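In: Would you be able to build a 3D model of this:
(4 chains, ligands or ions: 4)
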Amino acid sequence: APAQAQTRIALLVKSLGNGFFEAAARGAEEAAAELGDVEIIYTGPTEPTAEAQIEVINALIAQQVDAIAISANDPDAVVPALQRAMDRGITVISWDSGVAPEGRAMHLNPSSNELIGNTIIRLAADHLPEGGEVAILSATATATNQNIWIEEARKVLPEYEGIDLVAVVYGDDLSDKSYREAQGLMQTYPNLDAIIAPTTVGIVAAAQAVTDAGKIGEINVTGLALPSEMAGHIHSGASQSFAIWNPIDLGYSAAYIAHALATGEATANEGDIIGIGRVGEVMIGENGEAAMSDPFTYDASNVDEFAEIF
Amino acid sequence: MSAVSHSPRNIPDRLESPFKSALKSWEMLLIIVAIAIFVANSFASPYFLNPWSLSDATFNFTEKAIIALAMAMVIISGEIDLSVASIIALASTAMGFALQFGVDTPTLVAIGLLVGVACGAFNGMLVSGLGLPSIVVTIGTMSLFRGIAYIVLGDQAFRGYPSDFAFFGQGYVWWVISFELVLFLALAVVFYIILHRTSFGRSVFAIGNNPVAAQFSGIRVRRIKFILFILTGLMSGVAAVLLTSRLGSTRPSIAFAWELEVVTMVVLGGVSILGGAGSIFGVVIAAFIMGLVTFGLGLLNVPGIVMSIFIGLMLISVIGLPVVIRRVRARMAA
Amino acid sequence: MKALLKHRELILVAAIAVLIGLISLRFPAFIAPRNMVRVFDDTSILAILALGQMLVILTRCIDLSMAANLALCGMVMAMLNAAFPGIPMPLLLAVGISLGAGLGAINGLLVWKLDIPSIVVTLGTMTIFRGSIFLLSSGQWVNAHQMSDAFKALPRAVMLGLPVSSWIAIAVIGLFVLLMSRTPLGRSFYAVGVNPTASVYTGIDVGRTRFFAFTIAGAVAGLAGYLWVARYAVAYVDIAGGFELQIIAACVIGGISIAGGIGTVGGAVLGALFLGVVNNALPVINVSPFAQMAISGAVIVIAVIFNARNERKKGRIILKKAEKAEVAP
Amino acid sequence: MSQTMHKVLETEAAAPSLTLSGISKSFPGVKALDNIALELYPGQVTALIGENGAGKSTLVKIMTGIYQPDGGAITLNGQDITLPTAHAALGLGITAIHQETVLFDELSVAENIFLGHAPRTRFGMIDWRKLRAEAKDILASMGAPIDPNARLKDLSIANKHLVAVARALSIEAQIVIMDEPTAALSHKEIEELFVLIDLLKQDGKAILFISHKFDEIFRVADRYAVFRDGEMVGAGLMKDTEQSQLVRMMVGRSVERAFPKLDVTPGDVVLDVNNLSHPTEFEDISFSLREGEILGFYGLVGAGRTEVMQTLFGITKPSGGSVRLDGKPALAKNPAKAIESGIVYVPEERGRQGAITGLPIFQNISLPSLKKTSKSGFLRLAEEFALARKYSERLDLRASSLSQEVGTLSGGNQQKVVIGKWLATAPRVIILDEPTKGIDIGSKAAVHEFISELAADGLAIIMVSSELPEIMGMSDNVIVMREGRIAGRFAREHLDAETLVRTAAGIEGDPA
Ligand SMILES: Nc1ncnc2c1ncn2[C@@H]1O[C@H](COP(=O)(O)OP(=O)(O)OP(=O)(O)O)[C@@H](O)[C@H]1O
Ligand SMILES: Nc1ncnc2c1ncn2[C@@H]1O[C@H](COP(=O)(O)OP(=O)(O)OP(=O)(O)O)[C@@H](O)[C@H]1O
Ligand SMILES: [Mg+2]
Ligand SMILES: [Mg+2]
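Out: Residues are numbered from 1 along each chain as shown, chains lettered A, B, ... in the order given. Ligands and ions are numbered 1, 2, ... in the order given. Below you'll find the model as predicted:
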């Protein structure tokens, strides 16, 4: 049994069995090792729903963990449960997929939403010098962060000459539905030039659909994904490039911040600066949000080396 | 029986006292299982035996269990309702929608319950009115109801429920005793009486055993089934109020995939999925068992999906074991 | 009966035709032969799964674990392929299909030997199978580049204008037609569904027949598991999540009576095609993504009502005007 | 053919083809069979008789591999055999027509006959052409006018039974068991069945024939075996015994005359039915029923009597006509309404429409009377038990306790529960559809006595029956139905078997 001296930090994810979160967990462990007296509890529900996540929160409260770092399935639904946690003296932060301000001390964005929104459009635009039609294939229609990014993307769209966002469809993070939606896009918009999928299931399915439709070279699939998942499609040319922030760093940072706040080494008021080990430091912005780093772009040149890692 | 005695004059009411048969009953087995799990948990985790923890744990199942009470009656009558979770979604959406017009808490609750009843009535109409198989009907309405919620809400969420509304899902009646728990236990008593102490309940059993003979016996089969579906709808409405209040917000994905957990609860409770047999008491214990198991494993940070393996195994073995035991007994006897 | 079913299948064909017609009004390219082939190919997985489910439903059971079975087999095959790309495809397929059959057999045994109601059994195994995938893969994905090209290529290879996956579906359909119409086993599925008691008296072992239904359904799920992971070139814990309901819906739309004993291969396939057309149409005629769920729900409800109208039995014929049973002298 | 019978009796020496010894079988709470020994001889009919619950059907189920005996041995032509499954029994050429028709509604007649032993093609596939042809032949050989391609669903009960017989014949059997094959058959069809039985005898098949009807037994059987409470209490040659002796063995006491009809002078008209019609089932049915009257409805199975009665009870909607109870319109919308107004119907299909086999006896009996036994919707068990005890005792029910599940009672005892449950509602008009179908002499007498008592108490009674003696013994007036129409009306004093049968079969119509 862990000595009570330790700080016990729960890394609570949307649902287990997702490469992205597995990587984040490894990052958290890394941080724990650096910090020494920290135990990481990596956990999550079966289904990616708020109700299921609340059950896990209750269990964590009961264990009197010192901190909960959550990537939420629903920004609002988990608030009451997290508030109860805070009432019981547990430090709560959210990361990746955020929680409404009243439900946590601070939120760590993998990167600033503006940057991500901008990046996913840029990824497409870079390969469309004289403009063209792009469509977005998102996760579920209720996925918070995807929706924010799409919003941001819409904002910056005018800055990109001739890039025309023709549709936003939802693949619900189901491979068959995403695949079908991608096929639908290719049919509805015969001269589509790029599909942007800011979600890993979606981008993989879309790349596959493009490959199967024999449209490699015509349609560039891009968006957010893990190198390990996209390496194949980069080489096949279905995808020129894609971006992701380093999930290991994200988990690492979340653990660092949770630890700092739980041990009182730091506070999370607007303007405060919290050190996050090798990643550097973050500054708490308005309504308690902070951004970790810029998304990093992967293409044929570097995808393989990272595919080994995450 | 005929072999036992030839004189018709002395047919006893029962062969053994109700008490003795109770000892052999399914419920007894469940109680033992429940106690076993409780003890196991308290050894497995130092955090288990803490009133607040246990109180929190009850929130994990009270809403489902409330639906299970009505579901038990539907299943005993030989039908099933897989749309309950979607009814929650639709009812909750309706409440959130009304919220936009700034209605007060009582009205909110009323709306939630009404929508529940309406959905139940729709199912009931299709099943008992048109005589359609409930399992497929409710698989359909399952998508239909939630689908409507999606059309209304899309990717939006309804927030900002009045603070007094929070009581239903977050309030405590006394110390660690939550309102949800009290309401569940109260409803359990009500349903126990309805099912086991009234002629309505008796009719439900009769229908589940043999709908035709029940009809020939002057039981209004269709009407009773209709009522049962409305009852399930109503309880889903209640659950919608509680859950919405507990989450403090509404999204169309609310209560996703709950229907199977509710059915699991009912079946664990010893209700025959084929209809005609079961008891409310069993369902109540089953609810606590499932709550205890998931919470206990949660304390050990067993991943949710592994937990579900456990529930699956429990479901099969709890239903299967008695059969096996009977077989083995028979073996030894022979 | 036969006549009635034929009749119903014709209606279903008509319905699908009308549906396609309407869609092509809004989106002409939809009826393009190439697209029709695509739709059929996209539906092939659902179709063969529906056939498996049909057997189970005919015997008055239901299999909620088919999608989970599919996912588990798919994952196992993907992991094997990733670990030992050397394994020849036929062998790998054999492994996958037998694994599926094995899992189905577990359902079958529980239903047969412990006579636990199938809905309970498969409710349990559904979660158990899913969980096992997690334990097996420890949550990791198997991604496109980890799979051998042969693994991914097979279902896509085009023969005589149709992808192999479509041909596989067609072959399965053929086998089922033979099974159901010409073999004692096939007939016993009907017998058990129509009247279990009578089946016992007739020397048909009800439990054993159900066991075979589940085993075949499992094997079919195993096959579908391969087609799935190969087509979408990725395997992870919850692929085909919630697909079990689609499968049942296809059967219901196809006029397979949930009460058992009534249903045909044609019906199941057409039911699947109907759903396939709807699923493929909704994206292209850009219906609001939020409306899709409601629509498919409505379709199911309407189908049930419709089938019931066909099945409703009229009063018995006693007045001399007509007893069909009499042979015309 | 009576000659053939004698021939067989002379060739007494023949060794038994099937021998049962020491067969025992217990069910929870019942010893259904206790150390039974039975021999079946080739070319002979052995009648198995015994009260309800004596164990007859249980023995049949053991001989056909459906139940496994707790102990005992079975030898076929001198070799020891075991019957682990129904399949095994069929394989050994043991075939049975069971008490309840067990066939497949959705399948064709031909397939019903050959399911499980269908002719195959070279490739082991089912040979449909051959199958249909053979089915046609068998049905023809029985003189049954049934189309092999028809769906069983579309057949009347009677024809269904004939298909069951055809199935038994389709199997190359040396042992043929018939468990109350005539219960649902009409006079005419019973005659045809007896012809078949004689044919089977000539083929040297050994036949076990179970029936509660002594006239039939004396008509076809060469030997008899009597069961009482699961024990074999006697066996021998029919020619050395007579009815009273058999009855005494059966019940262990002698039974008073079967039809204790009390003379009641009917009072005022209670029920008045006018031109009741239905699109497919019956046409202008008109009759009136008086207090204390027993109105018999006779006809061949399939004549549509049940349908008429079920319409009066609110199960089926008529297309026209009127029903008046005490002069007031009383066409019930549903059974509940009918019961309220005082019309009750004791259904014919015990298993499907009468008994709720999963529930205990007392709950079955109290079910239609719940309004009475409960108080403002709440159950009162004491009342229910009282009610149940009253009627189960009056009907001489055999059960281990009132909490025993009805499903575990024998056919006859289940029927008593069903009748009891309707009498318990204290109705004005009671409709009994085949009230003594499958009930043994002892209980039959009890039921008949009871019926006429009820009549004496002023209850108006309709009795649908296909048993001539019962109709003639019990009815004040008789209505004969044929093919959905009333074919004749007779008053008690002009009742004569000949005419009734003729009218029912439509041999020479003499409408009243
Ligand atoms: N499945 C069963 N479970 C428990 N008891 C049974 C079962 N089947 C028969 N019995 C009992 O065994 C005894 C014999 O029943 P059986 O049906 O053989 O009587 P029977 O002679 O055929 O009566 P009937 O003339 O009414 O058909 C009865 O007491 C009955 O209650
Ligand atoms: N082909 C059939 N399919 C289903 N049920 C049938 C069929 N034939 C008869 N029955 C049922 O058996 C019972 C007797 O119907 P039947 O055709 O014998 O009319 P009936 O004249 O009332 O016969 P009975 O002389 O037995 O009263 C009815 O309850 C009827 O529903
Ligand atoms: Mg019998
Ligand atoms: Mg009748």
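
In: chain center to stretch C:184-198, what's the gap?
Out: Here stretch C:184-198 is found 20 Å from its chain centre; the criterion is CA atoms, centre = their mean, to the nearest Å.

In: Same question for stretch C:195-202.
Out: 27 Å.

In: same question, stretch C:151-170
Out: Distance, centroid of stretch C:151-170 to centroid of chain: 18 Å (CA atoms, centre = their mean).

In: cool, and stretch A:27-46?
Out: 18 Å.

In: near chain B, anything from that stretch?
Out: Yes - using CB under 8 Å from any CB of the partner chain, we find that stretch A:27-46 touches chain B at A:41, A:43-46. All C-beta atoms are positioned from the backbone trio N, CA, C, and that covers glycine.

In: mind listing the strands for the chain?
Out: Going with chain A. A:7-12, A:38-43, A:67-70, A:91-95, A:106-109, A:132-138, A:163-170, A:192-197, A:220-223, A:241-244, A:273-276, A:280-283, A:289-291, A:296-299 (DSSP state E).

In: that's the wrong chain, I meant chain C
Out: C:158-159, C:162-163.

In: The stretch 101-250 of chain D too?
Out: Assigned by DSSP state E, counting those that start in this stretch, the stretch 101-250 of chain D shows strands spanning D:175-179, D:206-210, D:223-228, D:231-237.

In: Comparing the strands of chain C, which yields the minimum mean pLDDT?
Out: Lowest mean pLDDT within the strands of chain C: strand C:158-159, at a mean of 86.

In: Just the residues contacting that strand, thanks.
Out: With CB atoms under 8 Å, 6 or more residues apart in numbering or on different chains as the contact definition, strand C:158-159 has outside contacts at C:164, C:167.

In: any idea how far the residue positioned nearest the centre of chain C lies from B:V109?
Out: In chain C, the centroid-proximal residue (CA atoms, centre = their mean) is C:A50; its distance is 1.4 Å. Per CB to CB, to the nearest Å, C:A50 is found 43 Å from B:V109.

In: Just want the residue of the stretch 151-300 of chain A that's nearest chain B.
Out: Residue nearest to chain B within the stretch 151-300 of chain A: A:Y170 (8.5 Å; CB to the nearest CB).

In: how deep is whatever residue of chain C ends up closest to ligand 1 tucked in, by neighbour count?
Out: Using CB to the nearest ligand atom, the single residue of chain C nearest to ligand 1 is C:T197, 11.8 Å away. Applying other CB atoms under 10 Å in any protein chain shown, we find 13 residues neighbouring C:T197.

In: Kindly report the same for D:T58.
Out: Neighbourhood size, D:T58 [other CB under 10 Å]: 24.

In: who's in contact with the residue nearest to the centre of chain C?
Out: C:A50 touches C:247, C:250-251, C:254, C:268-269, C:271-272, counting by CB under 8 Å, 6+ apart.

In: Which of these fall in helices?
Out: Judged by DSSP state H, the subset of the contacts of C:A50 located in helices is C:247, C:250-251, C:268-269, C:271-272.

In: If you rank these by neighbours, which is first?
Out: C:I247 (33 neighbours).

In: so what's that one up against?
Out: C:46, C:49-50, C:53, C:66-67.

In: hmm, back to that, what sits against the residue of the stretch 151-300 of chain A closest to chain B?
Out: A:137-141, A:181, C:289.

In: With respect to B:A40, which of those residues is nearest?
Out: Using CB to CB, A:T140 comes nearest to B:A40 of these, at 37.4 Å.

In: Skipping adjacent residues, who's closest to that closest one in space?
Out: A:D172 (4.9 Å; CB to CB, 6 or more residues apart in numbering or on different chains).
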